[in-house]
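*Asks:* quick one: sequence and predicted model below, then my questions.
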Amino acid sequence: MEGIIAFGKKRSYEDFKKQIPNQVLPLFDSIREFCFSLGDKVIEDIRMHRVVFCKSMTFRWFIDVEPESEGVIIKIQKSRKDPIEIIKINKEQEISEYRQSIKDAFENIH
């Protein structure tokens, strides 16, 4: 998949998935797929305990996703001046109610 960059030990998403609880994986994957659907300027940065999505090579992150045992914690950054929005999503929830907020963050981050 184009636009994927991993730092440090060049960890792949396939490696990272092994630490996501099975019941949370579908939710995590749906968030990841939605982020990539925002355009070809989306870059995935696999970190030790979370995945950060950035906009192009400026590496301004717009969403930070961390798996938990019962869901995910999402941090959304719309600009460096606005406070970071922190959302907990349960494994049974859909991301549909947060899509617009994620899209706005992607479009507004510089």
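*Replies:* Sure, I can see it.

*Asks:* any idea how far the lengthiest strand in the chain is from the middle of the chain?
*Replies:* If you go by DSSP state E, the chain has its longest strand at strand 60-67. Relative to the centre of its chain, strand 60-67 is centred 4 Å away, using CA atoms, centre = their mean, to the nearest Å.

*Asks:* residues in contact with that strand: which ones?
*Replies:* 19-21, 24, 28, 31-32, 35, 45, 49-55, 72-78, 80, 102, 105-106, 109-110 (CB atoms under 8 Å, 6 or more residues apart in numbering). C-beta here means a position set from N, CA and C on the backbone, and glycine is covered the same way.

*Asks:* restrict these to the buried ones and give me that as a ChimeraX selection.
*Replies:* ChimeraX command restricting those to the buried ones, with burial defined by 16 or more other CB atoms under 10 Å:
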select :20,24,28,31,32,35,45,50,51,52,53,54,55,72,74,75,76,77,78,102,105,106,109
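
*Asks:* which helices and strands does the helix ranked longest in the chain pack with?
*Replies:* What stands out as the longest helix in the chain, according to DSSP state H, is helix 25-37. When contacts are defined as 3 or more CB pairs under 8 Å, 6 or more residues apart in numbering; DSSP states H and E, helix 25-37 sits against helix 13-17, strand 42-46, strand 60-67, strand 71-76, helix 99-108.

*Asks:* residue 88 is nearest to which of those?
*Replies:* Of all those, strand 71-76 sits nearest to residue 88, with 5.5 Å by CB to CB.
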